[in-house]
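K.L.:
Here's a sequence, model it:
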Amino acid sequence: MGSTPTFGTIFNVPRSFILIKRLVKKYGKLIFFIIFLFILFLLPTPRLKLLDGVTGLPLEGYEIKIPLTAYILGPFVGVSQYFWHFTDFRFQTLSWLIWIVILYLLFNLKRKINISERLKRLFKVIISFILVCLFIFLVPLPKYSLRPENPEEILIDLHSHTTYSHETTATPEQNIRWHLARGFDAWAITDHPRTLEGARRAKEIAKEKYPQAVIITGQEIKCYQRKQGQNFLLLGIDEVVDPRDYGRKIAQITNLVHKKYRGAVIVPHWWRKKSHTLEELSNSGVDGFEIYTARVLGPEESIREAIKDVCQKNNLVMLGSSNWHGEGSASHIWTSIHIENWPNLNNREKEKAIVEALRNRKVDLFRVIVYDRTEPQNRARYFFEPFVGAFYYFSSLNGFQLLSWIIWSIIFYLLLCLIRIKPVVFNLIVIGVALLLFSKGITFLNLWVRYLEYNEILFPLGNILLFSGAFLLIAGILPLVQLKVKSNK
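P.N.:
Predicted structure coming up:
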């Protein structure tokens, strides 16, 4: 009689274990990373949501629209947005770099590699990190947008720049396209220090190609009533205002903007300089304060609360702005304003309605909207940014984003395997990146020639990208040449 079949003989358990063991040995890192993603995904941590920037409470009546391409390119879009949510960009980026170096050294302690080879590999790791930062800074990615349910509630951004500013990389037309893609109905172009050309040129372009764009003419000035200057946004003006013509007195400038131009004056990112107290600025006649900016998410909570307190006591408008200079594609701050009969107004009437609401301090019409999650934001967190930040980021992914990460993780893993088998693939990737940097550098230098009267950043940035591209091009081509010479011997 034949023996009775058992579970082990039917399913060949030993052979299955051997197969699993081989899979773990070959793809262990990838498998563990995917398991790690699933664990974080299942944790009950805060997801990104729309919050009222003043109260911190969740908002309803708005819809975040995420394009399909943002899901397809999930890891690229997600990492970029994560970095642009930094509240202290330099400190948090430096924390990442330091921990990358520390972890690299720890993981390679037991490997028998000579010092020169170890340093060479470390240099490659650092260069890779810098390239990731350049990618985040330079590459435009799919953008999510916000849409209110009420057609009379519109989205505005009262602080943005063009290449007519001294430190901006975006042309007037790029400024228009960026704002429309983010869901803004109206926005101000506030170039600095003494020009309105960016706003004027943007209006000309909008009239021809983007009739739905409502652009408010503005200017960002710095008033040196004290040694350390204070910035102001002058909105709704039609002539350049030079603080030097008014004895640098803040009250004189606010009075001029209100009476001569029927405009409004806003204090942007007060927390960066604090050259005047909040009370002094309030008493000088300003119409409101920024409490968030997307370029630097905002101040510490205690400082933001102090700004809110002054605004509430003095009936001043609170705003969230992009302060967009052209870098990256993220924006997680909007200001909404309720304007009756908005769809039936012409563009000039729309501009006027927004500026009048600011100047008349109709605070109840405005709302600051933040697309964020509740996370600790302090120096203690920044020291461990890679761990804390990665935890909050990965645990806040939705199902589609998780799937995108898994697919791209497999693609990257297979690419690494291919590079190990054929090192020439890595050199080709380096050459490709070099050509992209070279191309971007030439673009910036061409823009600098057009805007050299106004712009100071395009020339050095263009040269940095050109030299970086040239360096990488040599680094990518040289091993291929050496390989070719070696094969011909």
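K.L.:
need the strands for the stretch 251-400 of the chain, in chain order.
P.N.:
Using DSSP state E, counting those that start in this stretch, the strands found in the stretch 251-400 of the chain span residues 264-267, 288-293, 317-321, 333-338, 366-372.
K.L.:
Turn the ones you listed into CSV, columns for mean pLDDT and distance to I457.
P.N.:
Where you see a C-beta, it was placed from the backbone N, CA and C, and this is true even at glycine. Written out in CSV, the entries for the strands of the stretch 251-400 of the chain read as follows (pLDDT from 0 to 100; distance: least, Cβ to Cβ, whole Å):
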stretch, mean pLDDT, distance to I457
strand 264-267, 97, 24
strand 288-293, 93, 18
strand 317-321, 95, 20
strand 333-338, 95, 23
strand 366-372, 91, 28
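K.L.:
any idea where the helices of the stretch 1-150 of the chain begin and end?
P.N.:
Remark: helices assigned in the stretch 1-150 of the chain by DSSP state H, counting those that start in this stretch are 7-11, 13-42, 68-72, 74-84, 89-107, 115-138.
K.L.:
May I see the buried residues of the longest strand anywhere in the chain?
P.N.:
Secondary structure assigned by DSSP state E gives strand 214-223 as the longest strand of the chain. For strand 214-223, a neighbour-count test (16 or more other Cβ atoms under 10 Å) marks V214, I215, I216, T217, G218, Q219, E220, I221, C223 as buried.
K.L.:
List the contacts of L122.
P.N.:
Contact criterion Cβ atoms under 8 Å, 6 or more residues apart in numbering gives V101, Y104, L105 as the residues in contact with L122.
K.L.:
Would you list the buried entries among the residues you listed?
P.N.:
When neighbours are counted using 16+ other Cβ under 10 Å, these contain no buried positions.
K.L.:
and G476, what does it touch?
P.N.:
Neighbouring residues of G476 by Cβ under 8 Å, 6+ apart: N427, L428, I429, V430, I431, A434.
K.L.:
Just the ones of those residues in helices?
P.N.:
Among these, the members found in helices (DSSP state H) are N427, L428, I429, V430, I431, A434.
K.L.:
any idea how far the fourth one is from E349?
P.N.:
As judged by Cβ to Cβ, to the nearest Å, V430 and E349 stand 54 Å apart.
K.L.:
What of the third one?
P.N.:
In this structure, I429 and E349 are separated by 53 Å, where distance is defined by Cβ to Cβ.
K.L.:
before we move on, what about the first one?
P.N.:
Between N427 and E349 the distance is 59 Å, computed by Cβ to Cβ.
K.L.:
neighbour count winner among those two?
P.N.:
It is N427, of N427 and E349, that has more neighbours when counted by other Cβ atoms under 10 Å, with 18 against 14.
K.L.:
Okay, and the beta partners of the spatially closest residue to G183 that is not a sequence neighbour?
P.N.:
Nearest residue to G183 in three dimensions, chain neighbours excluded: S145, at 3.5 Å (Cβ to Cβ, 6 or more residues apart in numbering). Under DSSP bridges, the beta-bridge partners of S145 are K65.
K.L.:
S145 and Y71: what is the separation?
P.N.:
As it turns out, when the distance is counted by Cβ to Cβ, S145 lies 15 Å from Y71.
K.L.:
I figured E63 hits L146, correct?
P.N.:
Yes. Counting by Cβ atoms under 8 Å, E63 touches L146, with 7.3 Å between them.
K.L.:
which of these two has more neighbours?
P.N.:
Neighbours per residue (other Cβ under 10 Å) separate E63 from L146, with L146 holding more: 20 against 12.
K.L.:
domain ranges for the chain?
P.N.:
Taking automatic domain parsing as the domain assignment, the record places the domains of the chain at 145-372, 423-489.
K.L.:
and the host helix or strand of W448, what does it pack onto?
P.N.:
Using DSSP states H and E, W448 sits in helix 424-451. Using 3 or more Cβ pairs under 8 Å, 6 or more residues apart in numbering; DSSP states H and E as the contact criterion, the neighbours of helix 424-451 among helices and strands are helix 115-138, helix 399-421, helix 458-488.
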